[in-house]
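Peer 1: Sequence first, predicted model second:
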Amino acid sequence: MIKTLISLLPEQSRPRLARFLVLAVVSVIVRAVSVVMLVPLVSALIDGENSRALAWAGALTVATILGWWIDAAASKISYELGFALLNSSQHAVAERLSQIRLTWFSASNTATARQAIAATGPDMVGVVIYLVVPVLTAMLLPVVIAVALIPIAWPLAVVAMLGAPMLLAALWGTGAISQRADHVADEANSAMTERVIEFARTQPALRLARRSGSERSLAGAAVARQHGATLGLILMQIPGLLLFSLASQIAVFALAGTTAWLTVRGDLTAAQAVALIVVAVRYLEPFTVLGELAGGLETIRLTLRRIASVLAGPTDTAGTQQPARPGRAPRIEFEKVSFHYGDPAYPVLDELDLVLDAGAATAIIGPSGSGKSTVLALVAGLHQPTGGRIVVDGVDAAQLDSAARRALVSMVFQQPYLMPGTIDENIYAGHPDASDDDVRRVTALARVDEIIDRLPDGAASKVGEGGALLSGGERQRVSIARALIKPAPILLIDEATSALDNENERAVVDALSVDDERTRVIVAHRRSSIRRADRVVVLERGKVVESGTPEELLASGGRFSTFWEHRGAAASWKITSQLTL
Ligand code: ADP
Ligand code: MG
């Protein structure tokens, strides 16, 4: 926890941290000394030695004012440190998330990342002032009090010295017990959050399936599990609380007993004994404070752990090389490329060899799940091969500088995601410096003009979260326009099977045919898009089973010709059914 904190703190804040720690330690010493000063003060008062009492009262006042002054200075620095920490942790998390390997984003890791970002605010600012100070105080104050007691009553000093580790151990035990329960509760909480979001998102399907009752859904089960975990958390905290209260009673008993014994023996006056009881109370105070802070401490620990786990997420290392022919359509070669998402036992691609010719259009076809989208993602550099390599104009793609790699590729995803904003903004996102002419050209090519004409706000129409206000086909067309406008020498299109309307078909075909100065790869489902391809690759279970020009493959009578006839039959079925309507 401390390691994560320190690693998050920006380099230039280190001297400030050192200054803060010095002030905090001095503050604890001053406080311990003023507590112990109560002993001579109270005895002088009781003994009626007014001038001595006055002197001690003066000293106590000076110490108290000094303590305040130090605390004020320390808390100012602690806020500065807190904000520096907040700033750097948010930056670090955001920066890491933009580089983390995409296969890392499982449901639970995504939840962790979300919580890491959401929880950083007040937690991080408060971490120094609300946690570092009390923890330091609890660890130091009792020890310093014990040392200061040596000249007054050394046996009492020994008891105080021994009590400190015992109380800290009890606190630690309490923490360890509740930590285990917290961990379970935390996991149940994450699961519940995920399920509730999923429950909300899948409402239409659930309602039609008559599964909308919360108690029968996965969300209902997750809520029930979370209740159970919360109850467990409370039950598990009880032994922890008992442990700490037992330890503090033992400490009080030992301190009071020793004082009484020393008084009976005549080593201490009655006045000193009274004052020492006050000291004993102050001695216990920081532990009680720390015990009350245990919950906050745990929250911070969890936040820091989440941040640490995001920061430890795997990234793909990029190289420093530039493309061999920047801006020109490259030749792309897969050399024995293997890839798996999570489990290596389920390879999606297994030593795949594939050549995508420079400036050519290659259509990839194959059954669902054969790895077509994965091939595109690998070309785009969204995933890195787990074996073999991808070579772009003779340069290993893994050696390319990451910005250069991104500039190479423009892509239309199978399930296109639009950014919340207007249609125009989404198109410009592909190339922020595009001219109006460019925008007009791509909106016409991608048939977005037809959508713009139909909507009341035209190109300024909002697309909604993820593009939800547009239909699947419209989303795909906007994303084709966005891909076309980006001046990247590689264009990848993952044709959406869900958007089989005529406008979409023409948008895809035009995108493929007009931009023939690019190396184009399309995952194709329709005859019209395949017809535009210079070469067809048939993929099955991550292997190329046929490849050649469409004519060659048709003539050979293999899988492609079967597919072609099947698609032809489907198309004519569509026409006849329309005619009979
Ligand atoms: P296609 O596009 O040909 O339908 P994909 O490349 O999308 O096939 O998927 C190939 C295989 O990889 C499938 O078995 C699919 O379940 C699996 N897969 C795809 N994406 C992921 C992912 N993000 N995590 C885990 N498995 C995935
Ligand atoms: Mg796919």
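Peer 2: All right, it came through fine. Numbering: from 1, shown residues only. Ligands and ions are numbered 1, 2, ... in the order given.

Peer 1: interface residues of the stretch 451-581 of the chain facing ligand 1?
Peer 2: Residues of the stretch 451-581 of the chain lying near ligand 1 by CB under 6 Å from any ligand atom: none. Using the backbone N, CA and C atoms, a C-beta is placed for each residue, glycine as well.

Peer 1: Just the pLDDT for the residue of the stretch 1-150 of the chain found nearest ligand 1.
Peer 2: For the stretch 1-150 of the chain and ligand 1, the shortest gap (CB to the nearest ligand atom) falls at residue 103, measuring 6.6 Å. In this model, residue 103 is scored at 85, pLDDT.

Peer 1: Then residue 568?
Peer 2: For residue 568, the model assigns a pLDDT of 69.

Peer 1: And residue 462, by the same measure?
Peer 2: On pLDDT, residue 462 comes in at 89.

Peer 1: mind checking how far it is from residue 476?
Peer 2: To residue 476, residue 462 is 18 Å away according to CB to CB, to the nearest Å.

Peer 1: These two: which is more packed in?
Peer 2: Counted by other CB atoms under 10 Å, residue 462 and residue 476 do not tie: residue 476 has more neighbours, with 29 against 15.

Peer 1: Quick check: which element contains the more buried one?
Peer 2: Secondary structure from DSSP states H and E places residue 476 in helix 472-485.

Peer 1: Report the rounded mean pLDDT for that helix.
Peer 2: Taken as a whole, helix 472-485 has a mean pLDDT of 91.

Peer 1: secondary structure class for the closest residue to ligand 2 within the stretch 301-450 of the chain?
Peer 2: Closest approach of the stretch 301-450 of the chain to ligand 2 (CB to the ion) occurs at residue 373, with a separation of 3.2 Å. Three-state call for residue 373 (DSSP: H, G, I helix; E, B strand; the rest coil): helix.

Peer 1: Could you list the domains of this protein?
Peer 2: Following the assignment in automatic domain parsing, the chain carries domains at 2-311, 332-418+490-572.

Peer 1: hey, least reliable of those by pLDDT?
Peer 2: Among the domains of the chain, domain 2-311 has the lowest mean pLDDT, at a mean of 84.

Peer 1: Now do it: distance to the chain's middle.
Peer 2: Chain-centre distance of domain 2-311: 25 Å, with CA atoms, centre = their mean, to the nearest Å.

Peer 1: Check the separation of the first and last residues in it.
Peer 2: Domain 2-311 has an end-to-end distance of 15 Å (criterion: CA to CA, to the nearest Å).

Peer 1: can you check stretch 196-205 too?
Peer 2: End-to-end distance of stretch 196-205 (CA to CA): 15 Å.

Peer 1: Just read off the phi/psi values of residue 322.
Peer 2: The phi/psi pair for residue 322 (degrees, to the nearest 10) reads phi -100, psi 160.

Peer 1: ugh, wrong one, I meant residue 487
Peer 2: Torsion angles, degrees, to the nearest 10, at residue 487: phi -80, psi 60.

Peer 1: Do I have it right that it meets residue 435?
Peer 2: No - the criterion here is CB atoms under 8 Å, and residue 487 misses it with residue 435 at 11.5 Å.

Peer 1: These two: who's more crowded?
Peer 2: Ranked by neighbour count (other CB under 10 Å), residue 487 and residue 435 place residue 487 first, with 14 against 10.

Peer 1: tell me the contacts of that one?
Peer 2: Contact analysis of residue 487 by CB atoms under 8 Å, 6 or more residues apart in numbering lists 327, 431.

Peer 1: that older thread, contacts only, for the residue of the stretch 301-450 of the chain closest to ligand 2.
Peer 2: 414, 494, 523.

Peer 1: Pretty sure the first one sits in a strand.
Peer 2: No - if the criterion is three-state DSSP, then residue 414 is coil and not within a strand.

Peer 1: Just give the nearest non-adjacent residue to it, would you?
Peer 2: residue 494 (3.9 Å; CB to CB, 6 or more residues apart in numbering).

Peer 1: Across the sheet, point out what pairs with the one you found.
Peer 2: residue 523 (DSSP bridges).

Peer 1: ok, now how distant is it from residue 380?
Peer 2: Noted for residue 494: a distance of 10 Å to residue 380, by CB to CB.

Peer 1: Now do the shared contacts for the two.
Peer 2: Counting by CB under 8 Å, 6+ apart, the residues touching both residue 494 and residue 380 are residue 411.

Peer 1: The two: which is more packed in?
Peer 2: Here residue 494 and residue 380 are compared on neighbour count by other CB under 10 Å; more neighbours surround residue 494, at 23 against 19.

Peer 1: Can you name the residue of the stretch 101-250 of the chain nearest ligand 2?
Peer 2: Proximity of the stretch 101-250 of the chain to ligand 2 (CB to the ion) peaks at residue 102, 15.0 Å away.
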